[in-house]
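Student: Okay, structure incoming, though there's no sequence with it:
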C-alpha cells in the first residue's frame, strides 16, 4: 500500500474504534438511566406493599379480633402475606410484566415456596445480615427483569401464626395444616419480598439506539476522512511523488511520459520512495566528490555513463563501447588514489587480481585500457541496499550463501584473500546472481602486498573485519571466513552484530571478543545456524572454520543450502 492507502486504512481503524467506544459509552449511560428508573419504580412498589402490610397488622387485624373471638383468624383480612399478594396480583394484571412475590423456604401456603434463584438469595441474605436490599438484572425465559428484593425478619407479633403451631389460630390450621409455616423464632429470616420490573424491551431499544449511534458517528467520520484523504493526496502525496521523481526517476515512482501521471511502485510507499531517492542522490554526491577529477568523459573507445557503485580505491561506471554499441562496465581509480603512490600500487594490484581469476560471481574483465579495467556489464543493484530494502531474505538464503561460499573457496584456491568481504562490494542481478566488483584490499600470494609492506594499518570496514586483520595480520584465508560469518548474521537477522563505525582499534578488538548471539537479534533463528555463525566468527582463528568448504558442508547439513 502507498502512503495514502496506509493513512486511510489506519485512520479508518482508529475512527471505527473511536465510534465503537462512543456507542459503548452511550449504551452504558442509557442502561444506567434505565436501571435508575427501574430502581425507582420497584422501590415505590415495595413501599406500597409495606404500607399494605402495616395497615393489615395495625388496623385490620386488631379490628377483626375485636369483632370476633381471640382464636379467630380470617386469612382474607388478617394475613399480611395473603392480603398483600392478592392486592399485587390485581396490580400485576393492570401493569403487564410487573410481578410481586413474597416467598419463604417454609411457607404456610405451598404456592409461596421459593424457587432455585430465590433460595440462593436466602443464602445471600444469611451471609450478609446487614444488607436490607438486593437489586440486579435477572433473565428468565428469554426475558430480562430488574429485580429488587427485601428480607423479612420475624417480629414477636408474627410468632402467633408462625411459631409453635399449638398456639396458632384453629382456623389457620384448618386452612393450611401444620406441615409448613411454623417453628420460626423472633429475628429469624422468614421470607423475601421481591418486585420484578420488565426491562427486555427497554434494553433492546437501547441496543438498537447504540448501533444507530455507532453507524451515524462512523459514517460521518468516514465521510470526513474521505474528504481529508482527498486533501491529503492533493497537498502532500502529489508533491512527495514529484520530489521523488525529480530526485531519481529510475528508483523512485517516476512520471509516465505517456499519461503525465505519477507511477507508483507497488512495494514501497511515497516516503519509502523518497528515502530511496535520497539514498541514490547521496551516492551520486559521493560519486561527484570521489571522481571529481575524472576527465575526459571518454576512455579510449568507451564513453562513461552513470556511476554504478563505489569501490575501495575506484568507482564502477556504466560504459558504452562506441565501436559496437555494447554496454560495458568501467573500473577507474579515484584521482586522489592515483596521486598517492601507495594507493595507486594497491589499485594496480587489484586490477591484476581481477584479471587473474575467473568465476561466475566475479565481473568478468574484457580488457585493460591503461589505468582502466573494462568489465562485463554490471546489471542489478547494490547488494547492501538490496538487503536493506528486502523485507524477507530467508527464501533467497540457499542461493545466495552457495554463491558466496563457492566464490570465496575459488579465490582461496587461487591464492587470493579478499580481506574486505561485505555486501557493499557485490551487486545482485534480478535473477539473484551476485557479482563481486571490488578487491581493493585483496592479497594475492604472487603479488607484493603493498598494504602490509607500507605499514598502512588495517584497511576496510571494521564491522566486517576479523580481529587478526584489525591487528595488522594479512594473508590468512580464515579472515574471509570471519567476514562470511558477519554476512550470514546479516542475512538471517537483518542486523549486524557490531554496529559502531567510529570506535577505536582497541575498542573494536574488545567488542569482537564477545560476539552477541544471533538470537538476540532474531528470536526464531535455528540453533544449528546460530552455532555455524558463532563458529565462523570465533575470535581465535584456530577455533574458527579452517576452510570455507567446512562452513559450506555444515550449512548443507543444516538444510540451508
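Tutor: All right, it came through fine. This is a predicted model, so every value here is computed, not measured.

Student: State the mean pLDDT of the helix or strand that contains residue 13.
Tutor: Per DSSP states H and E: residue 13 is located in helix 3-55. Mean pLDDT, helix 3-55: 84.

Student: packing partners for that helix?
Tutor: helix 80-94, strand 134-140, strand 143-153, strand 189-198, helix 200-232, helix 270-290 (3 or more Cβ pairs under 8 Å, 6 or more residues apart in numbering; DSSP states H and E). Backbone N, C-alpha and C define where each C-beta goes, glycine included.

Student: low-scoring pLDDT stretches of the stretch 101-250 of the chain, where are they?
Tutor: Along the stretch 101-250 of the chain, segments meeting pLDDT under 70 span 240-250.

Student: I should have written the stretch 301-450 of the chain there, sorry.
Tutor: Scanning the stretch 301-450 of the chain for pLDDT under 70 picks out the ranges 336-337.

Student: The same query, at a cut-off of 90, please.
Tutor: Filtered on pLDDT under 90, the stretch 301-450 of the chain yields the residue ranges 301-315, 331-356, 364-373, 378-382, 384-398, 430, 439-441, 443-450.

Student: Helices along that one, start to end?
Tutor: 335-339, 341-356, 383-389, 397-413, 450-454 (DSSP state H, counting those that start in this stretch).

Student: So which bits of the last one are buried?
Tutor: Okay, so that is helix 450-454. Buried residues in helix 450-454, defined by neighbour count with 16 or more other Cβ atoms under 10 Å: 450, 451.

Student: repeat for stretch 537-557
Tutor: In terms of neighbour count (16+ other Cβ under 10 Å), stretch 537-557 has its buried residues at 537, 538, 541, 544, 545, 548, 551, 552, 554, 555.

Student: Help me confirm that the fourth one comes into contact with residue 533.
Tutor: So the one you mean is residue 544. No. Contact criterion Cβ atoms under 8 Å: residue 544 and residue 533 do not qualify, at 11.5 Å.

Student: Could you list the residues in contact with the strand or helix carrying residue 554?
Tutor: Using DSSP H and E, residue 554 maps to helix 548-557. The contact list for helix 548-557 (Cβ atoms under 8 Å, 6 or more residues apart in numbering) reads 401-402, 405-406, 408-409, 412, 477, 480-481, 484, 528, 532, 535-536, 545, 561.

Student: Any quick PyMOL command for the buried ones out of the residues you listed?
Tutor: Buried residues within the contacts of helix 548-557, by 16+ other Cβ under 10 Å, are selected in PyMOL with:
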select buried, resi 401+402+405+406+408+409+412+477+480+481+484+532+535+536+545+561
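
Student: tell me the mean pLDDT over the helix holding residue 554?
Tutor: Helix 548-557 comes out at a mean pLDDT of 92.

Student: Use 24 as the first number for this chain going forward.
Tutor: Yep, numbering from 24; the last one is helix 571-580 now.

Student: Now do that helix against helix 420-436, angle only.
Tutor: On the basis of axes from the mean of the first three to the mean of the last three Cα atoms, to 10 degrees, helix 571-580 is oriented at 160 degrees to helix 420-436.

Student: can you give me the offset of helix 571-580 from its chain's centre?
Tutor: Centroid displacement of helix 571-580 relative to its chain, using Cα atoms, centre = their mean, to the nearest Å, is 36 Å.

Student: before we move on, the earlier item: most widely separated two among the buried residues of stretch 560-580?
Tutor: 564 and 578 (19.8 Å; Cβ to Cβ).

Student: Report the central residue of this protein.
Tutor: Residue closest to the mean C-alpha point of the chain, counted by Cα atoms, centre = their mean, is residue 33 at 13.3 Å.

Student: Neighbours of residue 509, how many?
Tutor: 24 (other Cβ atoms under 10 Å).

Student: Which residues does the closest residue to residue 409 other than its chain neighbours form beta bridges with?
Tutor: Leaving aside its chain neighbours, residue 409 sits nearest to residue 451 (5.1 Å; criterion: Cβ to Cβ, 6 or more residues apart in numbering). Per DSSP bridges, the residues bridged to residue 451 are residue 404, residue 457.

Student: how near is residue 451 to residue 419?
Tutor: 9 Å (Cβ to Cβ, to the nearest Å).

Student: repeat for residue 212
Tutor: In terms of Cβ to Cβ, residue 212 sits 78 Å off from residue 419.

Student: Repeat that for residue 546.
Tutor: In terms of Cβ to Cβ, residue 546 sits 21 Å off from residue 419.

Student: next one: residue 535
Tutor: Taking Cβ to Cβ as the measure, residue 535 falls 28 Å from residue 419.

Student: neighbour count winner among the two?
Tutor: residue 535 (19 against 15).

Student: That one: which element?
Tutor: Counting by DSSP H and E, residue 535 is part of helix 528-536.

Student: For burial, what's the neighbour tally of the closest residue to residue 437 other than its chain neighbours?
Tutor: Leaving out its chain neighbours, the residue that sits closest to residue 437 by Cβ to Cβ, 6+ apart is residue 380, at 5.2 Å. For residue 380, the count of nearby residues is 20 (other Cβ under 10 Å).

Student: tell me the contacts of residue 380?
Tutor: With contact taken as Cβ under 8 Å, 6+ apart, residue 380 is in contact with 433, 434, 437, 439.

Student: Relative to residue 432, how far out is it?
Tutor: 12 Å.

Student: Repeat that for residue 229.
Tutor: For residue 229 relative to residue 432 (Cβ to Cβ), the value is 75 Å.

Student: returning to that earlier point: among the helices and strands packed on helix 26-78, which comes closest to residue 56?
Tutor: Ranking the helices and strands packed on helix 26-78 by proximity to residue 56 (Cβ to Cβ) places helix 223-255 first, at 8.9 Å.

Student: and residue 561, what element?
Tutor: Counting by DSSP H and E, there is no helix or strand that carries residue 561.

Student: hang on, the earlier thing: can I get the helices of the stretch 324-473 of the chain in CSV including distance to residue 107?
Tutor: Listed next are the helices of the stretch 324-473 of the chain as CSV, based on distance: least, Cβ to Cβ, whole Å:
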stretch, distance to residue 107
helix 358-362, 108
helix 364-379, 109
helix 406-412, 82
helix 420-436, 84
helix 473-477, 108
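
Student: Which of these sits closest to residue 203?
Tutor: helix 420-436 (83.3 Å).

Student: for the closest one, packing partners?
Tutor: Other elements packing on helix 420-436 under the criterion 3+ Cβ pairs under 8 Å, 6+ apart are strand 457-459, helix 501-516, helix 571-580.

Student: Export these to CSV and append columns for distance to residue 218.
Tutor: Shown next, in CSV, are those (distance: least, Cβ to Cβ, whole Å):
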stretch, distance to residue 218
strand 457-459, 83
helix 501-516, 68
helix 571-580, 79
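
Student: And the ones you listed: which comes nearest residue 146?
Tutor: helix 501-516 (61.1 Å).

Student: quick check, distance from that closest one to the centre of its chain.
Tutor: Relative to the chain's own centre, helix 501-516 is displaced by 29 Å; criterion: Cα atoms, centre = their mean.

Student: Report the buried residues of stretch 233-241.
Tutor: 233, 236, 237, 240, 241.

Student: wait, which of those is closest to residue 126?
Tutor: Nearest member of the buried residues of stretch 233-241 to residue 126, counting by Cβ to Cβ, is residue 233, at 35.4 Å.

Student: Surely the closest one is in contact with residue 46?
Tutor: Yes. At 4.7 Å, residue 233 counts as touching residue 46 under the criterion of Cβ under 8 Å.

Student: one step back: could you check the angle helix 501-516 makes with the helix holding residue 577?
Tutor: Going by the same axes, to 10 degrees, helix 571-580 makes 20 degrees with helix 501-516.

Student: Got the domain ranges for this structure?
Tutor: Domain segmentation of the chain under automatic domain parsing yields 26-228, 319-398, 404-580.
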